Each structure stands twice: as structure tokens, then as C-alpha cells.
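In: just the structure for this:
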Amino acid sequence: MSAAALHLSGPVLVGPEEVRDELWVVDGRVTFQRPTGDVETLAGWVLPGLVDAHCHVGLDAHGAVDAETAERQILGDRAAGTLLIRDAGSPADTRWIDDRSDLPVVIRAGRHIARTRRYLRGYADEVEPEMLVAAVREQAARGDGWVKLVGDWIDRDTGDLAPCWPEEVVAAAVAAAHEAGARVTAHCFGEEVLPQLARAGIDCVEHATGLRGSVVDDFARQGIAIVPTLVNIATFPQIAEPARTKFPAYHRHMLDLHAARHETVRAAHEAGVPVYVGTDAGGALPHGLVGAEARELRDAGLTPREVLEAISWGARRWLGRPGLEEGAPADLCVYAADPRADIDVLAFPRAVVLRGNIH
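Out: I've put the predicted structure just below:
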């Protein structure tokens, strides 16, 4: 539903240190100036719309899905308060979403780029190292300022996680993306690939379960962000179980990464590595899990205010999208209690307002 003017009776959590008593929505945009005429009032704690910085719309466990299925996925995100999505790789064409004012904003990374037969079937543009730079340029043109590499995966010859690309090729690929005006992120589970990616000047790493030792300081110094997707990392034992007999080293490695997941995120955060919320929804996981991921970051040691930076204020700045600013699109969530005191309320928005419309 929509109203000509909407009054949000706060507190309004504009930012970590800025709280206002109220705001209004006129013609789908935020204003702090009281309008004339009738208004509809919503009361509660107001926060800029949540961000899922690792999501896959148009993708399921088997590959691309049809538009009807993709619509159900993104509506599940909207219901959870996710109003800004960084789609971290999808083989489906979801540009039709951009024409729908009732659906969250999607920032795309094009399609995953993986080494041939070194990733999930049906997901990626699979290429050999000599083709990586060209593939990066293609996906940079297809996306919205991001490119997604598969940095490591199980190597059947070694029986464990291993980097997918020679280091010099990755460096050239990252440089090509930057020349095209795109940032680069990479799927990474293990330890070995991370120093190579840091030396290449990558912008972000997904999962980052192997982030430890001196490379943590490298990430912090370079401002390389991580999106831990802890709700997905929680499934590592199930992912690894089929490999127990055939690839025992990989099986043990995955269990070790799983056991250290919260400690890994906590150490990275304490070192100054930027951390953002992402659910990895759309592969094997359902959509709408941002509240659960927020709780995982709390369990890893982030304070409620730090979690809000990772899921709302800071994530929006990182992705170059506005929050609750004069004239900005009115994308916001309303809660019954203060999320700075109780992060669990993020899973239960009282109302979701997208471009001024109440959902």
C-alpha cells in the first residue's frame, strides 16, 4: 500500500551517532521537512533498508531459474527487510527487476568466473587461465560495477582446496576489472589463495574462512572487505561429508574451517578488516536470512551497533547507495524495539517501506 505522505514517528536511526525523532516520505522520497496535508503515521524504530551483500537472485542449487522463481526469491528478501542486494554471481538475466519499483535494488557482479570443471555445474562462465582477463572484461560489462571470481575450490589431484588460477593471471584480471571501473570479489574457502589475492589488489573476499595470520593485517591495511556468509559456513560439515572417504584431507580441512569460523571473523574484525552481512541465498539456501546472519555476526563478537554497520549504514556506503538522507529513495524498515539493544529484532520488521510504499 502507499500514501501521498507518510510520517515515520521514530526514533529514526539515521546513522551510528545520528538519531532523529521523525521523518516523512513524500513522493517516495525521504524528507525531514513536515509536509502539508494528511499523512499516514508508522511508529517504531526506523533503520535504512537492510543490505544482503552476498545473495544470488535467479539461481538455485542446479543453476539458473525462471523469472517466476526469481521473483519469489527476491520477494522473500524484501519481506525480511533486505532492500539492497549485491548479487554475487548469477547465470540468469535479472535486468527485469530494475523495472519493478516494488522490488529491492540489485547490484550485480555478472556471472561467476571459474576454472574449467572447478566449480558447481551450471553456475559459472568456466574458462582456462589464458582466457581469464577476457572473461573479466565481459562480466564487468554485464554487471553493475562488480566482478566475481572463484578463487579456490577442491583440486582432485591434491585432494584438498587449492587456488584456481596462477597468481600472475589473477593480478592481470584484477587490473583489467579496475580499468573497466569494476571492483573484484572472490569466493575463497582456504588459506593458500588469500595472500595472492591481497597482492593482486582485490577489493573483497567472500566467505574468507581461511583468513588468518599476517594476511589479516594485509587485508586491514588495504581495506579489503570480507563477507563471511556464516549461515552458509554453518553447512560445511554437510558439504564435506560426501568427500570423507575419497578426499579425507579436504574433509578434515572443511571441518577445521567450520570450527574456527567465529574466531576467524572476530580476529579479522578486531584487526580492522571491513565486514559486511551476506547470506549466500539462492544456491542451496533460502532467501530472507539477513536476520539470521546478523545473529551469527553477533555470535562472532560484533556488537549490535557494529552489526548494524555491516547490515545497513556501512554496507550502504560501501556499495555507494544512500541511507536516510534528504531526497533519498524511501527504503527503510520499522521495528518494534531498538535494534542497537537487541539485534534479534532485525528478523521481525514491523513494516518494510520500499520507495515509499508500505509492504
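In: just the helices in the stretch 51-200 of the chain please.
Out: Counting by DSSP state H, counting those that start in this stretch, the stretch 51-200 of the chain has helices at residues 67-79, 132-142, 167-179, 193-200.
In: deepest of these, which one?
Out: helix 193-200 (a mean of 22; mean count of other CB atoms under 10 Å). C-betas here are computed from N, CA, C, even on glycine.
In: coming back round to it: for R340, which of the helices of the stretch 51-200 of the chain is the nearest?
Out: Closest of the helices of the stretch 51-200 of the chain to R340 is helix 67-79, at 22.7 Å (criterion: CB to CB).
In: what helices and strands are in contact with the closest one?
Out: strand 351-354 (3 or more CB pairs under 8 Å, 6 or more residues apart in numbering; DSSP states H and E).
In: pairing partners for the strand it packs on, with directions?
Out: According to DSSP bridges, strand 351-354 has the following sheet partners: strand 332-335 (antiparallel), strand 357-358 (antiparallel).
In: now the helices of the stretch 51-200 of the chain in CSV, with distance to R156?
Out: Below are those laid out as CSV (distance: least, CB to CB, whole Å):
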stretch, distance to R156
helix 67-79, 32
helix 132-142, 20
helix 167-179, 20
helix 193-200, 17
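In: can you list the low-confidence ranges for the stretch 201-350 of the chain?
Out: For the stretch 201-350 of the chain, applying pLDDT under 70 flags no range at all.
In: do that again at 90, thanks
Out: 283 (pLDDT under 90).
In: CA atoms of stretch 209-225 as CSV?
Out: In CSV, the C-alpha atoms belonging to stretch 209-225 read as follows (Å, rounded to 0.1, in the frame of the first residue of the first chain):
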residue,chain,number,x,y,z
THR,A,209,37.2,-18.9,6.2
GLY,A,210,40.9,-19.2,5.8
LEU,A,211,41.8,-15.7,6.8
ARG,A,212,44.4,-15.9,9.5
GLY,A,213,48.0,-15.0,10.3
SER,A,214,49.8,-12.0,8.7
VAL,A,215,47.4,-11.8,5.8
VAL,A,216,44.7,-10.5,8.2
ASP,A,217,46.9,-7.3,8.6
ASP,A,218,47.3,-7.1,4.8
PHE,A,219,43.6,-7.1,4.4
ALA,A,220,43.1,-4.5,7.0
ARG,A,221,45.9,-2.2,5.7
GLN,A,222,44.5,-2.5,2.1
GLY,A,223,40.8,-2.1,3.1
ILE,A,224,39.9,-5.5,1.6
ALA,A,225,36.4,-6.3,2.8
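In: quick check: buried residues in it?
Out: For stretch 209-225, burial by neighbour count (16 or more other CB atoms under 10 Å) applies to 209-211, 215-216, 218-220, 224-225.
In: can you tell me what sits against that stretch?
Out: Here stretch 209-225 makes contact (CB atoms under 8 Å, 6 or more residues apart in numbering) with 161, 188-195, 197-198, 201-205, 226, 228, 233, 236, 257-258, 260-261, 264, 267-268, 271-276, 318.
In: got the contact list for L289?
Out: Residues in contact with L289 (CB under 8 Å, 6+ apart) are 80, 231, 279, 281.
In: circling back: export the helices of the stretch 51-200 of the chain to a markdown table and tack on mean pLDDT and distance to G122?
Out: Listed next are the helices of the stretch 51-200 of the chain as a markdown table, based on pLDDT from 0 to 100; distance: least, CB to CB, whole Å:
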| stretch | mean pLDDT | distance to G122 |
| --- | --- | --- |
| helix 67-79 | 98 | 14 |
| helix 132-142 | 98 | 16 |
| helix 167-179 | 98 | 22 |
| helix 193-200 | 98 | 23 |
